[in-house]
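Asks: Dropping the sequence and predicted coords here.
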Amino acid sequence: MIQRLQQALSYTFSRPELLRQALTHRSSGASNNERLEFLGDSVLNCTVARALYDAFPDLPEGSLSRLRANLVRQETLADIAIALKLGDNLRMGEGELKSGGFRRPSILADALESLFGAIFLEAGFDAAQRVVRGLFDPLVAQIDPRASGKDAKTQLQELLQSHRLPLPTYQLVSTEGEAHDQSFTIECVLEKPAMVTRGTGKSRRAAEQDAARLACVQLQA
């Protein structure tokens, strides 16, 4: 599994102890990934900022900052970690394992940043930047600079509030797949106007966002 992770990152560690540390949650011992996460967070923010700066030369600082915040938030990082099957490789204490910590978005996001920090320590900023760009450039390419940069749930909430309508509720419909590779289906239920949309994703948050996006599309149609 470790080899598959490195292939997905397009990077092979020459210091396996750094990779092991990056994948070790604090519940597993003193040699964990918290300090690497600190480094990786800085590498990530700088790299994504440069990617946005290059991709959108006409956008002002405020707009670039909003786009960056949307890209480096926990939900986006967790979705990337899930796509990499990062949770399969995490080392954590028995309590976290039993509680499903390898699926928790915060733990997945932190571990991904720790990997960036470990690559930075081992091979320098350019190598870490190449890995980050490989994962985030496809997301940058999908950005519509005319959009607000707000996520779908926020957009739906603001749309409903602007018309003084009740806020939506989100209900879990189903969970499919093995524990390490689950798919969630969520319904977004609107009381007024009466509407139900259904979204899917590799995490509950991603499925909620998908359902909210569909609701926004239908309301604006």
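Replies: Sure thing, it's come through. A quick note: this is a predicted structure, and the numbers were derived from the prediction, not measured. Numbers count the residues shown, from 1 in each chain.
Asks: Pull out the buried positions in the strand or helix carrying Thr175.
Replies: Taking DSSP states H and E as the criterion, the element that holds Thr175 is strand 169-176. Neighbour counts using 16 or more other CB atoms under 10 Å place Tyr170 of strand 169-176 among the buried residues. In short, each C-beta sits where N, CA and C put it, glycine included.
Asks: contact partners of that strand?
Replies: With contact meaning CB atoms under 8 Å, 6 or more residues apart in numbering, strand 169-176 is reached by 182-189, 198, 204, 208, 211.
Asks: try stretch 178-197
Replies: In contact with stretch 178-197 (CB under 8 Å, 6+ apart) are residues 85, 87-88, 100, 102-103, 156, 160, 165-166, 168-177, 198-204, 206-208, 210-212, 214-215, 218-219.
Asks: for it, what is the average pLDDT?
Replies: For stretch 178-197, mean pLDDT rounds to 87.
Asks: Please apply the same query to stretch 6-26.
Replies: Rounded mean pLDDT across stretch 6-26 is 93.
Asks: Ends of that stretch, what's the gap?
Replies: End-to-end distance for stretch 6-26: 22 Å, by CA to CA, to the nearest Å.
Asks: now the lowest-mean-pLDDT helix or strand in the chain, how far from the chain's geometric center?
Replies: Ranked by mean pLDDT, DSSP states H and E, the weakest helix or strand in the chain is helix 94-98, scoring a mean of 72. The chain centre lies 22 Å from the centre of helix 94-98; the measure is CA atoms, centre = their mean, to the nearest Å.
Asks: counting contacts, what elements does that helix pack onto?
Replies: Of the remaining helices and strands, none touches helix 94-98 by 3 or more CB pairs under 8 Å, 6 or more residues apart in numbering; DSSP states H and E.
Asks: Now do the buried residues in that helix.
Replies: Buried, per 16+ other CB under 10 Å, within helix 94-98: Glu96.
Asks: Just checking: what are the partner strands of the strand holding Thr175?
Replies: Strand 169-176 pairs in its sheet with strand 183-190 (antiparallel), by DSSP bridges.
Asks: Give the buried residues for the partner strand.
Replies: For strand 183-190, by 16+ other CB under 10 Å, it's 184-188, 190.
Asks: next SSE after the host helix or strand of Leu67?
Replies: Assigned by DSSP H and E, Leu67 belongs to helix 61-71. Once the chain leaves helix 61-71, the next helix or strand it forms, by DSSP H and E, is helix 74-83.
Asks: avg pLDDT for that next one?
Replies: Mean predicted confidence for helix 74-83 is 90.
Asks: again, but for stretch 137-153
Replies: Across stretch 137-153, pLDDT averages out at 79.
Asks: tally of neighbours for Gln21?
Replies: Using other CB atoms under 10 Å, Gln21 has 21 other residues around it.
Asks: Spit out the contact partners of it.
Replies: 31-33, 36, 114, 118.
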